[in-house]
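Visitor: please work out how this folds:
(2 chains)
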Amino acid sequence: EAQVTQNPRYLITVTGKKLTVTCSQNMNHEYMSWYRQDPGLGLRQIYYSMNVEVTDKGDVPEGYKVSRKEKRNFPLILESPSPNQTSLYFCASRGQGSYEQYFGPGTRLTVT
Amino acid sequence: QKEVEQDPGPLSVPEGAIVSLNCTYSNSAFQYFMWYRQYSRKGPELLMYTYSSGNKEDGRFTAQVDKSSKYISLFIRDSQPSDSATYLCAMEYSGNTPLVFGKGTRLSVIA
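Guide: Numbering: from 1, shown residues only, chains lettered A, B, ... in the order given. Alright, predicted model coming up:
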């Protein structure tokens, strides 16, 4: 089954404790993205990657890091999480030139 | 002015009603227009896709794009309780550029 998976689905952590949210897709897609979704603000892109070893900032990259060492994986790293990073996070992927973006199930992060 | 404006609702309609959801945008360079549907506690899923101006119909759903007015619409005919979700418009300049999303409109269809 074609899918985007994220782990963990739910995470509660404390300020300053480094964490990684994993994202993996099995569709051999070149393009992958991370979004955060907040009430009243909608979906905002954090980072995206056009292919392996190619990443770029989205609209709200501050406080986040990403890497793309393999085509299928695109982890999101929070080196020192803060409460304003409490949000619902989505990973997404799509093929080169394709208009359809596939989203993962989401990761609900709470930083206390 | 935000690039994409979408009324967040919430919108509540009785079952069987015709629903109209809309977005306006500011950048005339957008060429590809999409509607995503997001059920509660799920990721968004592509519902409709349109290139440039015109209409596209898929069952009870019709997407319209009016590039001259920078306005896109999604119509849902004979709405069902299962249509209750948040609907997000999205658009992009070309096939390989980041999508720009509206904030989403929450729709409830009451049986």
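Visitor: ranges for the strands of the chain?
Guide: You didn't say which chain, so I picked chain A. Along chain A, the stretches classed as strands by DSSP state E are A:4-7, A:10-13, A:19-25, A:31-38, A:42-51, A:54-57, A:65-66, A:76-78, A:87-94, A:102-103, A:107-111.
Visitor: oops, chain B please
Guide: B:4-6, B:11-14, B:19-25, B:32-38, B:45-51, B:54-58, B:61-66, B:71-76, B:85-92, B:100-101, B:105-110.
Visitor: coming back round to it: can I get the strands of chain A in JSON lines including distance to chain B?
Guide: The C-beta positions use only the backbone N, C-alpha and C, and glycine is treated the same way. Listed next are those as JSON lines, based on distance: least, CB to the nearest CB, whole Å:
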{"stretch": "strand A:4-7", "distance to chain B": "8"}
{"stretch": "strand A:10-13", "distance to chain B": "11"}
{"stretch": "strand A:19-25", "distance to chain B": "11"}
{"stretch": "strand A:31-38", "distance to chain B": "7"}
{"stretch": "strand A:42-51", "distance to chain B": "3"}
{"stretch": "strand A:54-57", "distance to chain B": "9"}
{"stretch": "strand A:65-66", "distance to chain B": "14"}
{"stretch": "strand A:76-78", "distance to chain B": "15"}
{"stretch": "strand A:87-94", "distance to chain B": "5"}
{"stretch": "strand A:102-103", "distance to chain B": "3"}
{"stretch": "strand A:107-111", "distance to chain B": "9"}
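Visitor: picking that back up, for the strands of chain B, give me TSV that also has mean pLDDT and mean neighbour count.
Guide: Formatted as TSV, these follow (pLDDT from 0 to 100; neighbours: other CB atoms under 10 Å in any protein chain shown):
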stretch	mean pLDDT	mean neighbour count
strand B:4-6	93	20
strand B:11-14	96	14
strand B:19-25	96	20
strand B:32-38	95	22
strand B:45-51	92	17
strand B:54-58	92	12
strand B:61-66	96	18
strand B:71-76	96	20
strand B:85-92	95	23
strand B:100-101	92	21
strand B:105-110	96	17
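Visitor: if we can go back for a sec, nearest to B:Leu11, of the strands of chain A?
Guide: strand A:42-51 (15.9 Å; CB to CB).
Visitor: what does chain B put close to chain A?
Guide: B:6, B:8, B:32, B:34, B:41-46, B:49, B:88, B:92, B:95-96, B:98-99, B:101-104 (CB under 8 Å from any CB of the partner chain).
Visitor: partners of the nearest residue to A:Thr107 once chain neighbours are set aside in the sheet?
Guide: Nearest residue to A:Thr107 in three dimensions, chain neighbours excluded: A:Tyr89, at 4.6 Å (CB to CB, 6 or more residues apart in numbering or on different chains). Beta-bridge pairing for A:Tyr89 (DSSP bridges): A:Arg36, A:Thr107.
Visitor: dump the residue contacts of the spatially most central residue of chain A.
Guide: Taking CA atoms, centre = their mean as the criterion, A:Trp34 is the residue nearest the geometric centre of chain A, at 3.1 Å. Taking CB atoms under 8 Å, 6 or more residues apart in numbering or on different chains, we find A:Trp34 in contact with A:23, A:45-48, A:58, A:64, A:66, A:74, A:76, A:89-92.
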